[in-house]
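1. model the following, please.
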Amino acid sequence: MPAIDRMDSRDLYPLMVIRTQDDYEKAIASMETVFDEETGPLADYAETLSILIVHYEEQNFALEKKQGVEVLKFLMEQNGLKQKDLIGTLGGKSTVSEILNGKRPLNLQHIRTLADRLHVVPGTFV
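-> Numbering: from 1, shown residues only. Below you'll find the model as predicted:
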């Protein structure tokens with residue numbers, strides 16, 4: 001895609017339902033072009049296009065919803081965290097162990113603290 005300052009709107013994916021893989025790839029390419037726009041018509045276009053892309057992805061790339069502890073374990077792995085690194089964040093050693101072994105659920109305070117520490121939205125663990 002051409003740079004924004006030389007872009008012709010005909011190069012952008014039209015704002016219509018994404019039905020095929022080819023449409024999806026064109027929409028993604030257009031999104032990459034306008035992603036950093038914060039104001040004006042291109043910002044509005046990017047916001048609308050993102051809704052269309054998310055809809056297509058939800059219909060075609062549905063992921064199995066993981067439970068909070070499974071997500072936590074994945075994020076721990078991605079961030080190089082060990083069980084001992086969560087002591088204090090989730091409570092004492094036994095509390096952390098119980099949560100990671102599925103014997104104790106994450107409560108609202110745990111979720112808020114983890115979301116803040118791991119830089120994710122709280123809904124990630126729900």
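2. with only the CA atoms kept, save the lengthiest helix in the chain in CSV.
-> Longest helix in the chain by number of residues (criterion: DSSP state H): helix 41-60. Only the C-alpha atoms of helix 41-60 are listed here, as CSV (Å, rounded to 0.1, in the frame of the first residue of the first chain):
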residue,chain,number,x,y,z
PRO,A,41,-11.8,10.6,8.0
LEU,A,42,-9.0,8.1,8.0
ALA,A,43,-9.3,7.6,11.7
ASP,A,44,-13.0,7.0,11.3
TYR,A,45,-12.3,4.6,8.5
ALA,A,46,-9.8,2.7,10.6
GLU,A,47,-12.2,2.4,13.5
THR,A,48,-15.0,1.1,11.2
LEU,A,49,-12.7,-1.3,9.4
SER,A,50,-11.5,-2.7,12.7
ILE,A,51,-15.0,-3.7,13.5
LEU,A,52,-15.4,-5.5,10.2
ILE,A,53,-12.1,-7.3,10.7
VAL,A,54,-13.0,-8.4,14.2
HIS,A,55,-16.3,-9.7,13.0
TYR,A,56,-14.7,-11.7,10.2
GLU,A,57,-12.0,-13.1,12.6
GLU,A,58,-14.7,-14.1,15.2
GLN,A,59,-16.6,-16.0,12.5
ASN,A,60,-13.6,-17.6,10.8
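3. now the helix or strand following it: mean pLDDT?
-> Using DSSP states H and E, the helix or strand that follows helix 41-60 in sequence is helix 68-78. Helix 68-78 shows a mean pLDDT of 91.
4. buried residues of helix 68-78, list them for me.
-> Gly68, Val69, Val71, Leu72, Leu75, Met76 (16 or more other C-beta atoms under 10 Å). For the C-beta atoms, the positions are set from N, CA and C on the backbone; glycine is no exception.
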